[in-house]
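**Student:** Build the 3D model from these lines:
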Amino acid sequence: MFDKTIYTERRETLKKAVGSGLIVLLGNGDSSMNYKHNHYPFRQDSSFLYFFGIDRPEVMATMDVDNDITTVYGDDVTVVDMVWTGVQEPLQSLSEKAGVSQVGGTKDFEAFVRKARSQKREIHFLPPYRPEHVEVLSSLLDVSPAAVPDMVSVKLIKAVVAQRSIKSADEVAEIIKGVNTTIDMQLAAMTMAREGLTEADLAGRVRSIAIAAGGDLSFPTILTTNGQILHISYSQRVIREGDLVLCDCGAETAMHYAGDLTRTFPVSPTMTTNQRAIYDIVLDAHQAAVNMLKPGVLFRDVHLHACEKLTSGLQQLGLMKGDIKESVMQGAHALFFPCGLGHMMGLDVHDMENLGEKYVGYTDELHQSTQFGLKSLRLGRALEAGFVLTVEPGLYFNPGLIDQWAAEKKCSEFINYENLNAYRNFGGIRVEEDFLITPDGSQLLGKELPKTAQGIEELRG
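**Tutor:** Residues are numbered from 1 along each chain as shown. Predicted coordinates:
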């Protein structure tokens, strides 16, 4: 946990922003894997961590804005429970470390919220993403589960987003820990890879480093020779000479701050001519995007600039044609880059995504596009000092998507379909790094990790 003054100040800022009513924050509970007492690894809700720092299952909290009273609720484990779990720190002690002196039990929480509802007080809660939270809120508010999402507090969402978007120096230090562990994971994958190993062999080594560093993965590892599939997991596929391995992985620190990096590297000592050409196009787009990072710049414009760089490179290979800006405006590049350039990162690898992209990545004035490709851009708003985000352009050659677009002659004025056969089974390449937006630009987070084709080939050699 951070110092208790940090949590106290965060809650004070939140209460002032919300103004009145009762703020309810639900911590996560254990989730059974295949029978009641066999649990998935516990992961606390990120907003609960941000405001209370208590990393324990089945804990809730209320902030009574009108009466300026904050309470943490939960039930301490019994002596019998400790036979299985070991000694657990009392909730009173944990709460005091978060700057909260008032503690109640689970039944006290239920009674307090129901009383507030009977008094017709305004109750603020965030969008529930776990079914058990929907069930709890449904019961407390006496509404159907289907009605719960419509009752979330937009005022609370916006207040939380405003706070969590700007990372403090303490948070940046934690994020750098996660990024540096992620770099160790990437180095292990790049140096270990050789013909005859499976994707799972590499993914297992990558995860072991995250666990050994005191945390775990910040998201399920994407490690594949089928890089054209954006979120594919690893498999038992044996890697071969000539393959490209795309490794997109991240470590989460013990305090749950994330890292997220991607490298694409050859199984052979060097890339083929086509692989090197595509790699250099992606890297050029990456650097062009990074050069634009500074406060006040719309990240949507950074994304579109990277798309123009990708399009220009593909034109030089004879795969695209026509006016570059018009091509990007029409979405022709999305055949090869059907996703967004990056996302916010912090306590969640896709930071605060459960609160809604329209609040985290966009504003009341700037709305998310509905165009294929651009609609997957999670972050479009103007950058601010204190944001932490990823920059991750890529080029992906998906045979199914190519066939569909070719059959429809989609964007045929911009795409040379007759030249795509040579790249039909190419796969995909992505380069991803993590950045802090500073008052006058940006800062690359983490220690050195090769990203040029030459640097990667030297490491592979």
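
**Student:** What part of this protein, helix or strand, is modelled with the least confidence?
**Tutor:** None of the helices or strands of the chain scores lower by mean pLDDT, DSSP states H and E than helix 79-85, at a mean of 86.

**Student:** Now do that one: which elements does it pack against?
**Tutor:** If you count contacts as 3 or more Cβ pairs under 8 Å, 6 or more residues apart in numbering; DSSP states H and E, helix 79-85 packs onto no helix or strand. Placement of C-beta: from N, CA and C, glycine included.

**Student:** who touches that helix?
**Tutor:** 77, 88 (Cβ atoms under 8 Å, 6 or more residues apart in numbering).

**Student:** now that helix: how far from the chain's centre is it?
**Tutor:** Relative to its parent chain, helix 79-85 has a centroid offset of 35 Å by Cα atoms, centre = their mean, to the nearest Å.

**Student:** What is the subsequent helix or strand relative to it?
**Tutor:** Using DSSP states H and E, the next helix or strand after helix 79-85 towards the C-terminus is helix 91-97.

**Student:** in terms of contact count, name the helices or strands touching that following helix.
**Tutor:** The helices and strands touching helix 91-97, judged by 3+ Cβ pairs under 8 Å, 6+ apart, are strand 69-73, strand 102-104.

**Student:** just how off-centre is the shortest one within its chain?
**Tutor:** Okay, so that is strand 102-104. Distance of strand 102-104 from the chain centroid (Cα atoms, centre = their mean) equals 33 Å.

**Student:** isn't Gly346 right next to Lys167, touching?
**Tutor:** Yes. Counting by Cβ atoms under 8 Å, Gly346 touches Lys167, with 6.1 Å between them.

**Student:** Need the mean per-residue confidence for the helix or strand encompassing Asp248.
**Tutor:** Assigned by DSSP H and E, Asp248 belongs to strand 244-249. Averaged across strand 244-249, the pLDDT comes to 98.

**Student:** Give me the helices and strands touching it, please.
**Tutor:** By 3+ Cβ pairs under 8 Å, 6+ apart, strand 244-249 packs against helix 169-192, helix 199-212, strand 222-224, strand 261-266, strand 427-430.

**Student:** Just give the nearest non-adjacent residue to the spatially most central residue of the chain, would you?
**Tutor:** The centroid of the chain falls nearest to His350 when counting by Cα atoms, centre = their mean (1.9 Å). Leaving aside its chain neighbours, His350 sits nearest to His343 (5.0 Å; criterion: Cβ to Cβ, 6 or more residues apart in numbering).

**Student:** What of Gly340?
**Tutor:** Nearest residue to Gly340, sequence neighbours excluded (Cβ to Cβ, 6+ apart): Leu377, at 3.4 Å.

**Student:** before we move on, back to that, C-terminal to the strand holding Asp248, which secondary structure element comes first?
**Tutor:** Using DSSP H and E, the helix or strand that follows strand 244-249 in sequence is strand 251-252.

**Student:** what's next to that following strand, contact-wise?
**Tutor:** By Cβ under 8 Å, 6+ apart, strand 251-252 touches 178-179, 181-182, 185, 209-210, 213, 215-218, 258-259, 349.

**Student:** wait, which of the residues you listed is closest to Leu14?
**Tutor:** Ala258 (21.9 Å; Cβ to Cβ).

**Student:** what about the residue nearest to His350, how many neighbours?
**Tutor:** If you count neighbours by other Cβ atoms under 10 Å, His343 ends up with 23.

**Student:** before we move on, what about Gln102?
**Tutor:** Per other Cβ under 10 Å, the neighbour tally for Gln102 reads 13.

**Student:** hang on, it packs against Thr71?
**Tutor:** Yes. Assessed by Cβ under 8 Å, Gln102 is found in contact with Thr71 at 4.5 Å.

**Student:** Can you read off the pLDDT for Val77?
**Tutor:** At Val77, pLDDT is 86.

**Student:** Look up the closest residue to it, ignoring the ones flanking it.
**Tutor:** Using Cβ to Cβ, 6+ apart and skipping the chain neighbours, the partner closest in space to Val77 is Gln88 (4.9 Å).

**Student:** For this protein, which residues score under the pLDDT cut-off?
**Tutor:** Applying pLDDT under 70 to the chain picks out no residues at all.

**Student:** Run through the residues that contact the nearest residue to Asp142 once chain neighbours are set aside.
**Tutor:** Of all residues not flanking Asp142 in the chain, Arg117 sits nearest, at 7.3 Å (Cβ to Cβ, 6+ apart). Residues in contact with Arg117 (Cβ under 8 Å, 6+ apart) are 123, 140-142.

**Student:** are any of the residues you listed buried, and which?
**Tutor:** Taking 16 or more other Cβ atoms under 10 Å as the criterion, what is buried in the contacts of Arg117 is 123, 140-141.

**Student:** Secondary structure element holding Asp75?
**Tutor:** Per DSSP H and E, there is no helix or strand for Asp75.

**Student:** my read: it touches Gly104, true?
**Tutor:** No. In this structure, Asp75 is not within contact of Gly104 by Cβ under 8 Å, at 9.7 Å.

**Student:** So what touches stretch 366-383?
**Tutor:** Residues outside stretch 366-383 that contact it (Cβ under 8 Å, 6+ apart): 293-300, 303, 331, 333-334, 337-344, 350, 353, 357-358, 360-363, 389, 437.

**Student:** Now restrict those to buried residues only.
**Tutor:** Buried subset of the contacts of stretch 366-383 (neighbour count, 16+ other Cβ under 10 Å): 293, 295, 299-300, 303, 331, 333-334, 337-344, 350, 353, 357, 360-362, 389, 437.
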